[in-house]
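Novice: the sequence and its predicted three-dimensional model are supplied below.
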Amino acid sequence: MKKIIVTGGNGYIGSHTLIQLIKSGDFQVVSVDNLSRSAKGTMDRIEQITGQKVTNYEVDICDSDAFFKVIEQESPIDGIIHFAAYKCVPESVDEPVKYYRNNLNSLLNVLDACEKYHIPNLIFSSSCSIYGDVEKLPVTEATPAGQAACPYAHTKQIGEGMIQAFTHNHPDFNAILLRYFNPVGADMSGLNGELSPDKPNNLMPIIMETGIGIRKEMMVYGTDYDTRDGSCIRDYIHVTDIADAHVKALQFVINQKNTNNCEIFNLGSGNGISVLEMLHAFEKITGQKLNYRLGERRQGDIPAIYSNSEKARKLLGWECQYGVEEMILSAWKWEHNRQK
Ligand SMILES: NC(=O)c1ccc[n+]([C@@H]2O[C@H](COP(=O)([O-])OP(=O)(O)OC[C@H]3O[C@@H](n4cnc5c(N)ncnc54)[C@H](O)[C@@H]3O)[C@@H](O)[C@H]2O)c1
């Protein structure tokens, strides 16, 4: 079994990835998460789903002494999946320094640890936000990075650059940069899902909160975009599919299937879905009416983005298992469970 350190393992995508890594049977996993953006119960939920206890070190990865101590204790380590970061776009606009400090210092310490403790493989959480407002859809890995729309997206662009420079002068080190589109949904058991912050900004948690009645109403931001129904189009992808891609990415580098030591993959479903289509799908699938209003465009939103994920299919042998129905039903089940 290969030992993998998962940073941010208490978070939304990290916890689902821990579940899929355990289920694969190939990996022994340890999480490092300071709980700055998550709550304590995650490891219990993972145990409930997988039957396996996972250790989480409650350590700030920006604190190099504390982080290296964990790495030393857990060495030898076969790979790191680095999820830990702040990810809220409006917050990054209001507090850019906080975002650069956390997202870049943590990555620098991860790279230092890879060098110092001879950790040969790294998977990095990047984002489709690095593409900015693209002209040509769908987006492939060859689509050039655009103007970052916010400091958060800029930290991902810089992070990718830092890893590319590191792999350049460490030929035996392998990195995979995974550019996620819009992860949604929850574990199909409904026992683990997204723990949205006080005021979520993403569509799916807002739909769930409106559906269940925590929110009185929700707003559709912009209905005059040049899209098929005027609302924004995004590429939603089930979080378990995203998690599975990490399992495949690790197997890819560990089995030395990669020809470059820094590979980039888009992770999207390839289907663009509009905000209004998602609202209507929720109403149809759950039978629950949503109270929504049509409003003005929101600053910083791009009209449409969706992915071409052919490269991940070809090289990683990865494909989405779940569609919109599973995204909605799993999130709805989780919403009910977490309200109990
Ligand atoms: N969720 C999305 O829509 C999305 C899309 C594209 C990319 N990403 C990226 O994927 C990664 C995971 O996202 P998520 O949705 O699971 O976020 P999340 O906020 O749910 O999880 C991140 C976890 O990292 C931890 N963390 C943050 N800074 C830390 C630090 N300095 N030391 C230790 N732990 C720290 C938090 O406590 C949290 O549990 C992030 O890098 C994010 O930027 C997310």
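Specialist: Received, thanks. Numbers count the residues shown, from 1 in each chain.
Novice: count the residues that sit near residue 255.
Specialist: Counted by other Cβ atoms under 10 Å, the residues lying close to residue 255 total 8. In short, each C-beta sits where N, CA and C put it, glycine included.
Novice: need the per-residue pLDDT for it.
Specialist: Listed pLDDT for residue 255 reads 96.
Novice: and if you look at residue 90?
Specialist: For residue 90, pLDDT reads 88.
Novice: got a list of what residue 301 touches?
Specialist: The contact partners of residue 301, by Cβ atoms under 8 Å, 6 or more residues apart in numbering, come to 221, 222, 232.
Novice: name the nearest residue to residue 325, sequence neighbours excluded.
Specialist: In this structure, residue 325 finds its nearest non-sequential neighbour in residue 285, 5.7 Å apart by Cβ to Cβ, 6 or more residues apart in numbering.
Novice: I'd guessed that neighbour sits against residue 329; true?
Specialist: Yes: between residue 285 and residue 329 there is a contact under Cβ atoms under 8 Å: 6.3 Å.
Novice: the more surrounded of these two?
Specialist: residue 329 (18 against 15).
Novice: helix, strand or coil for that one?
Specialist: helix (DSSP: H, G, I helix; E, B strand; the rest coil).
Novice: same thing with residue 230?
Specialist: Residue 230 ends up coil, using three-state DSSP.
Novice: test my guess that residue 62 contacts residue 101.
Specialist: Yes: between residue 62 and residue 101 there is a contact at 7.1 Å, judged by Cβ under 8 Å.
Novice: which of the two has more neighbours?
Specialist: residue 62 (18 against 14).
Novice: apart from its neighbours in sequence, what residue is nearest the more buried one?
Specialist: In space, residue 62 is closest to residue 105, 4.3 Å off (Cβ to Cβ, 6+ apart).
Novice: end-to-end on stretch 159-176?
Specialist: Using Cα to Cα, to the nearest Å, the end-to-end distance of stretch 159-176 comes to 12 Å.
Novice: may I see the buried residues of that stretch?
Specialist: Residues of stretch 159-176 classed as buried: 159, 160, 162, 163, 166, 167, 170, 173, 174, 175, 176 (neighbour count, 16 or more other Cβ atoms under 10 Å).
Novice: can you say which helix or strand has the fifth one in it?
Specialist: So the one you mean is residue 166. According to DSSP states H and E, residue 166 maps onto helix 151-168.
Novice: so which elements touch that helix?
Specialist: Applying 3 or more Cβ pairs under 8 Å, 6 or more residues apart in numbering; DSSP states H and E, we find helix 151-168 packed against helix 89-94, helix 96-116, strand 121-127, strand 174-180, strand 262-267.
Novice: tell me if it is near the ligand.
Specialist: No: Helix 151-168 lies apart from the ligand when judged by Cβ under 6 Å from any ligand atom; the minimum separation is 6.7 Å.
Novice: who touches that helix?
Specialist: With contact meaning Cβ under 8 Å, 6+ apart, helix 151-168 is reached by 85-89, 91-93, 96, 99-100, 103-104, 107-108, 111, 114-115, 122, 124, 126-127, 129-130, 132, 145, 148, 173-175, 177, 261-262, 264.
Novice: tell me who's in contact with the closest residue in space to residue 174 that isn't next to it in sequence.
Specialist: Using Cβ to Cβ, 6+ apart and skipping the chain neighbours, the partner closest in space to residue 174 is residue 253 (4.2 Å). Contacts for residue 253 (Cβ under 8 Å, 6+ apart) come out as 79, 120, 121, 174, 176.
Novice: just the closest residue of the stretch 201-340 of the chain to the ligand, please.
Specialist: residue 202 (6.3 Å; Cβ to the nearest ligand atom).
Novice: which residues of this structure lie near the ligand?
Specialist: 8, 10-14, 33-38, 60-62, 83-85, 87, 102, 106, 125, 127, 180, 182-183.
Novice: among the residues you listed, which are in strands?
Specialist: Secondary structure defined by DSSP state E assigns 125, 127, 180, 182, 183 of the residues of the chain next to the ligand to strands.
Novice: which strands or helices does the helix or strand bottoming out on mean pLDDT in the chain pack on?
Specialist: Ranking every helix and strand in the chain by mean pLDDT, DSSP states H and E puts helix 89-94 at the bottom, with a mean of 91. Here helix 89-94 is seen to pack against helix 96-116, helix 151-168 when contacts are counted using 3+ Cβ pairs under 8 Å, 6+ apart.
Novice: quick check: closest non-adjacent residue to residue 50.
Specialist: Residue 50's closest residue in space is residue 22 (Cβ to Cβ, 6+ apart), at 4.4 Å.
Novice: hmm, residue 252 is touching residue 315, no?
Specialist: Yes: using Cβ under 8 Å, residue 252 is in contact with residue 315, at 6.9 Å.
Novice: now the common contact residues for the two.
Specialist: By Cβ under 8 Å, 6+ apart, residue 252 and residue 315 have these common neighbours: 258, 263.
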